[in-house]
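Participant: Sharing a model prediction with you, sequence too.
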4 protein chains.
Amino acid sequence: MIKVGVVGGTGYTGVELLRLLALHPQVSLTAITSRGEAGLPVADMFPSLRKRVDLRFVAPQDAALTECDVVFFATPNGIAMKQAAELVAAGVRVIDLAADFRIRDVAEWQKWYGMEHAAPELVAEAVYGLPEVNREQIRKARVLANPGCYPTAVQLGFLPLVEAGLVDTASLIADAKSGVSGAGRKAEVHALFSEAADSFKAYGVPGHRHLPEIRQGLARAAGAPVGLTFVPHLTPMIRGIHATLYAQLKTEVDLQALFEQRYASEPFVDVLPAGAHPETRSVRASNLCRIAVHRPQGGNVVVVLSVIDNLVKGAAGQAVQNMNIMFGLEESLGLDLVPVSP
Amino acid sequence: MIKVGVVGGTGYTGVELLRLLALHPQVSLTAITSRGEAGLPVADMFPSLRKRVDLRFVAPQDAALTECDVVFFATPNGIAMKQAAELVAAGVRVIDLAADFRIRDVAEWQKWYGMEHAAPELVAEAVYGLPEVNREQIRKARVLANPGCYPTAVQLGFLPLVEAGLVDTASLIADAKSGVSGAGRKAEVHALFSEAADSFKAYGVPGHRHLPEIRQGLARAAGAPVGLTFVPHLTPMIRGIHATLYAQLKTEVDLQALFEQRYASEPFVDVLPAGAHPETRSVRASNLCRIAVHRPQGGNVVVVLSVIDNLVKGAAGQAVQNMNIMFGLEESLGLDLVPVSP
Amino acid sequence: MIKVGVVGGTGYTGVELLRLLALHPQVSLTAITSRGEAGLPVADMFPSLRKRVDLRFVAPQDAALTECDVVFFATPNGIAMKQAAELVAAGVRVIDLAADFRIRDVAEWQKWYGMEHAAPELVAEAVYGLPEVNREQIRKARVLANPGCYPTAVQLGFLPLVEAGLVDTASLIADAKSGVSGAGRKAEVHALFSEAADSFKAYGVPGHRHLPEIRQGLARAAGAPVGLTFVPHLTPMIRGIHATLYAQLKTEVDLQALFEQRYASEPFVDVLPAGAHPETRSVRASNLCRIAVHRPQGGNVVVVLSVIDNLVKGAAGQAVQNMNIMFGLEESLGLDLVPVSP
Amino acid sequence: MIKVGVVGGTGYTGVELLRLLALHPQVSLTAITSRGEAGLPVADMFPSLRKRVDLRFVAPQDAALTECDVVFFATPNGIAMKQAAELVAAGVRVIDLAADFRIRDVAEWQKWYGMEHAAPELVAEAVYGLPEVNREQIRKARVLANPGCYPTAVQLGFLPLVEAGLVDTASLIADAKSGVSGAGRKAEVHALFSEAADSFKAYGVPGHRHLPEIRQGLARAAGAPVGLTFVPHLTPMIRGIHATLYAQLKTEVDLQALFEQRYASEPFVDVLPAGAHPETRSVRASNLCRIAVHRPQGGNVVVVLSVIDNLVKGAAGQAVQNMNIMFGLEESLGLDLVPVSP
């Protein structure tokens, strides 16, 4: 059994992580910390976990995290970078679901996240946890940067095209739509039901923090910097991301075969038949990414449709997938969830 | 492994049943029939089942249902009653998720369902599949009548009070609210998104088919006929039933203790602490019923709040629970789902 | 033109009031105050009002409210009671959309609202603004207590029965369902989209502040105290209240005729034909209350279904209706809105 | 008073048109036809219209449409083209809310709409009713082709850029999102609440009927054919279209000033301040189009955000706006609606 600690379990990423860990046959949940809720039974805050998670939140300083095999940070940005070094020194592996270790260029990170980085040396060794790209490095990672939700959906959609050098990487467009749970479980007016329901809007068009993360990943795949326009939108649904990706094709290619071959051995990427339109609900509550590729009217614009559940493949599920890899378990252990639909 | 057939797998009850059967470790899915969709891969209709259910729909006459150990009917009312006798004769056990075998009084059934019953003799032997009441008979059932969604939520809420003779059974009130999936996957205007979203209404106030089923169950518990007003409502959510129940208390009693004791050993009924208000999402995609009991201002009106997922404990999950009982398996096998929330 | 001031225009009641006042042909909007947003153009906070409301929020102390003919308080409870006396003294009529003047028994008010009342003498003279009951007193009111949303829907549904003495007033039940906008535009976790969407729950079963208000109104109609069980629920929709009311009939009566006659001359109460089930969307964005009355299976339980838009007839629209009455205008002036459906 | 007939009033476009016509001070509603619902009071089908529309549906052959001043067709595609000639011959002006007269190239129309055109000669004289482009021709139109919903949002967003020749018209991208009411009030599974709620998907990527209409309009503005990729998506909301438009800038320009000047005198186009992100709810139930223009990170990609209510500016409201122009009325008569938000 793997002894698991969770730092910051009171958000949506946290409760979803607890759901998945509760279902995992090789996990022993040891501690769940919360600064504000110490002493409260976890299931009092999240009744969906009654009789499945019996722990109480414990104050960070009282948690024996150094006795864990792995610690997940489901915290706001800027927390893990302060605590990871001590855990790593104690031989504990760290999986950060926030953004602290995602951007290799520390100056760039500091610009977008508006704070000084507390552990630049760990950034250098941290592994970016997109298994479809990085599986081998993930095995040995001491600090794992779990990818962002938009970056997961967008990279998985673009990678086959970019890796193969088939599209103009100077003019990529990612029009992405997210459910409201992506905004987190913070008491903020813009995320109220009466604000977000029955309405649709773009946000962050001048610049969103996931932009540099996506650019970094695509640049690595392309072997050169890329030009990307990224527009996120808020959709009146709880879970799900739908990325609609546009690229200019440079050469002829069998797109369907390209995508199917790229992901043939991936347990969590499902390339749909030609002509399909994936719905976010087809991956709801599962760790799957479903992708369809189109070439409207046979022109030179490729349109890729990529859907994930932002809380699973876009956060907690991918984190568990990474844990499985890091600990030599079957990659899909505890993650063989059938999507909940309708 | 139990060889399982499903008749009529194209509705919401059907797809949820397939999700649960795909997760069940002792089930071998043998045949899924559909009159209209024969030949179509099941996962083409329900992409959420891609790579989890590999069968194609097969025409009813081509399905070797008599070779199954158990056949589920996820069909409209009036189908199972025509096919059950042949299956029973062949030693196949039948679980009907529709209403054909729920009402013991055949004349009453015919009045409410508007058709002649094709197998009154099977009604007599059929077992009503509410395990919290009927577990022993379920074990031996050849024909199992899986309860309706409203009847499950309402009976589980009223039973402790009625069985103990604590309330006036002449004036029971059940004000119930259901998600739209309860209306099924039929192309009907009233269930369109633009009709049902962002709105709320009652329906069937003059009389709903679940009324005689609830009355029958409560009368059995009371040992005498009961008076019940039942008002169902349509709620703009996909899944979930919330029953708000009102009864006049006749004697003093510790309500909280009563409910906790009644359900102490039930794996799928969770009595919440005093003062709680269960949300339907706290049982979403699980087989749980969560109940809270109140006595506002200490008066003599008891208010019980009872929530289920109409497609799970209200249909497919309860059917699998019944199958587990019928085949001597652990009752919660394949049903240890953690609710999906948010 | 009536010179109108609005105190506290940053909530949902406030923005809806501004929408209605912007459409009103006899209103001159003079000042909209906000402590926190002084200086901000109102339309920057509420883009729906761009080019229709050109004012900026002004700090309370800088607003020339005493020069208005009428001032609406769209504030939290406890604000109007502190400011009303000064305005009344200056000859300004006050319409409070909060609860400060709704309960005649000041001790009772203080118990439910958890604060000391600052103007008990104004409570004594304040008029409860339910025009269907109180039209004559409203005309002369200096301080008008605009009814709560639930109390409006519940009272209009029960009044014909209670006024005529036809039902047992000791055992009334009001099972009410509200859209989430009823919780206001406050940043609170329980009202987040990801908390409230696709779920349903009861709240406040032990006791809700609207209970004494409803009891007071029904007692006035009955001429004696009444026994009422009131259970509010949160529904995943933005606007709308649906009250489902239960009462025991004491004598035979033509319920349909009773309701139609009671409301025959009311401009905003619409009694539906026998057998109907009103939907909340059928009154969305209008000042209407639609009512249907049922007697299931001909028994002695009356079921009344009453729907309103909680922000219009349940708040801002009723306030404008009251203003029209107070200033001798046609009662429906500016309120001849056609419900928005779908 | 203008005598108005409506052919086909049973869909969402129809009921919204009736709402607007009921509010219009210069309209006398004369006849509303329906093949299937003849004899039924309109308000029985649409309770939101009770006491506002007193007519019954009348069979098409029984409606004295030739006595009207104008007839609106709120019918499926292919109906107006068969009936318009007779009306025009009788001096009745025709406004078609369907697609029969939108595409000037009849062969192209036939390809996309899959039927033979019954009145090609009327196509030649029909006027495309986008007032922001075509106001003068609209005044004299005998047959008016009311634009599609997506085409309205997309054209209004692109027009300032394309008319001024500022962007590469070979690589335009329109990523558009629509509420479910755009699918109409037809009983179809894909538009059921339980299919469309809490999910998001693209559709029609290989080719959607609104593509040739948008291309035609932009080509007219550009003076040359354009290359456009158009991807529509289904969003879990009732009303609203959000178009996110991408274009490559060819020269430097003050985008904000360009848009503001282009629409300075337009009553129904609102250019938001720089940096804004319009929400669909900010135009809900109104005839407005709100637009914001962005240039992310100062690059050469222009991103335009354009929102409308698909049933109003995208259908019924624009039709009434066109009627006002055709009959010499003030253009916004009966359309000074304040958006309903929240």
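Facilitator: Perfect, I can see it now.

Participant: At which residues are the strands of the stretch 151-300 of chain A located?
Facilitator: With DSSP state E, counting those that start in this stretch applied, the stretch 151-300 of chain A shows strands at A:172-179, A:201-202, A:228-235, A:241-248, A:269-271, A:289-294, listed in chain order.

Participant: These: which one's closest to chain B?
Facilitator: The minimum distance between chain B and the strands of the stretch 151-300 of chain A falls on strand A:269-271, with 6.0 Å, by CB to the nearest CB. Where C-beta positions appear, they are placed from N, C-alpha and C, glycine not excepted.

Participant: quick one: A:Lys186 from chain D, how far?
Facilitator: With distances taken as CB to the nearest CB, to the nearest Å, A:Lys186 is found 19 Å from chain D.

Participant: How many residues are close by that residue?
Facilitator: Burial measure for A:Lys186: 12 neighbouring residues, criterion other CB atoms under 10 Å in any protein chain shown.

Participant: ok, now which ones touch it?
Facilitator: When the contact criterion is CB atoms under 8 Å, 6 or more residues apart in numbering or on different chains, the partners of A:Lys186 are A:Gly11, C:Val189.

Participant: Tell me which of the strands of the stretch 151-300 of chain A sits most buried.
Facilitator: Each of these was scored by mean neighbour count; the highest is strand A:172-179, a mean of 27, by mean count of other CB atoms under 10 Å in any protein chain shown.

Participant: when you scan it, is anything in it near chain D?
Facilitator: Yes: taking CB under 8 Å from any CB of the partner chain as the criterion, strand A:172-179 and chain D are in contact, through A:Ile173, A:Asp175, A:Lys177, A:Gly179.

Participant: Listing partners with orientation, what would you give for that strand?
Facilitator: strand A:228-235 (parallel), strand A:241-248 (antiparallel) (DSSP bridges).

Participant: Can you lay out these as CSV showing mean pLDDT?
Facilitator: Output for the strands paired with strand A:172-179, formatted as CSV (pLDDT from 0 to 100):
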stretch, mean pLDDT
strand A:228-235, 98
strand A:241-248, 98
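
Participant: residues in contact with A:Leu21?
Facilitator: The contact partners of A:Leu21, by CB under 8 Å, 6+ apart, come to A:Val4, A:Val6, A:Val27, A:Leu29, A:Val320, A:Gly334.

Participant: which SS class is it?
Facilitator: Following DSSP: H, G, I helix; E, B strand; the rest coil, A:Leu21 is assigned to helix.

Participant: cool, the one 10 residues further on as well?
Facilitator: Going by three-state DSSP, the secondary structure assigned to A:Ala31 is strand.

Participant: Tell me how many other residues crowd it.
Facilitator: The tally of other residues near A:Ala31 (other CB under 10 Å) stands at 22.

Participant: And the nearest residue to it once chain neighbours are set aside, how far from A:Val53?
Facilitator: On the basis of CB to CB, 6 or more residues apart in numbering or on different chains, the spatially nearest residue to A:Ala31 that is not a chain neighbour turns out to be A:Ala63, at 4.2 Å. Remark: distance between A:Ala63 and A:Val53 (CB to CB, to the nearest Å) = 15 Å.

Participant: Looks like the residue nearest to A:Ala31 contacts A:Ser34 (just checking).
Facilitator: No: shown here, A:Ala63 and A:Ser34 do not form a contact pair, counting by CB atoms under 8 Å, at 9.8 Å.

Participant: quick one: which of those two has more around it?
Facilitator: For A:Ala63 versus A:Ser34, neighbours defined as other CB under 10 Å are more numerous around A:Ser34 (24 against 21).

Participant: is it true that the more buried one touches A:Thr10?
Facilitator: Yes: with contact defined as CB under 8 Å, A:Ser34 and A:Thr10 form a contacting pair (5.2 Å).

Participant: Looking at the residues of strand A:172-179 next to chain D, which is nearest chain D?
Facilitator: A:Asp175 (4.2 Å).

Participant: how about the residue nearest to that closest one when sequence neighbours are not counted, what does it touch?
Facilitator: Residue nearest to A:Asp175 in three dimensions, not counting chain neighbours: D:Asp175, with 4.2 Å by CB to CB, 6+ apart. Under the criterion of CB under 8 Å, 6+ apart, the neighbours of D:Asp175 are A:Asp175, A:Thr244, A:Tyr246, D:Val231, D:His233, D:Ala243, D:Thr244, D:Leu245, D:Tyr246.

Participant: So which elements touch the helix ranked longest in chain A?
Facilitator: Here the longest helix in chain A is taken by residue count, with DSSP state H as the criterion, and it is helix A:149-163. On a contact count with 3 or more CB pairs under 8 Å, 6 or more residues apart in numbering or on different chains; DSSP states H and E, helix A:149-163 meets helix A:131-140, strand A:172-179, helix A:210-222, strand A:228-235, strand A:241-248, helix A:255-262, strand A:289-294, strand A:301-308.

Participant: Can you check what angle separates it from strand A:301-308?
Facilitator: Computed by axes from the mean of the first three to the mean of the last three CA atoms, to 10 degrees, the angle separating helix A:149-163 from strand A:301-308 equals 140 degrees.

Participant: Can you give me every residue that contacts the closest residue to A:Leu20 other than its chain neighbours?
Facilitator: Leaving aside its chain neighbours, A:Leu20 sits nearest to A:Val320 (5.1 Å; criterion: CB to CB, 6+ apart). Neighbouring residues of A:Val320 by CB under 8 Å, 6+ apart: A:Leu17, A:Leu20, A:Leu21, A:His24, A:Asn287, A:Gly334, A:Leu335.

Participant: would CSV of those residues with pLDDT be doable?
Facilitator: Listed next are the contacts of A:Val320 as CSV, based on pLDDT from 0 to 100:
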residue, pLDDT
A:Leu17, 98
A:Leu20, 98
A:Leu21, 98
A:His24, 98
A:Asn287, 98
A:Gly334, 97
A:Leu335, 98
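
Participant: what's the closest of these to D:Leu305?
Facilitator: A:Asn287 (32.4 Å; CB to CB).

Participant: so that closest one touches A:Ala319, yeah?
Facilitator: No: with contact defined as CB under 8 Å, A:Asn287 does not reach A:Ala319; the gap is 10.0 Å.
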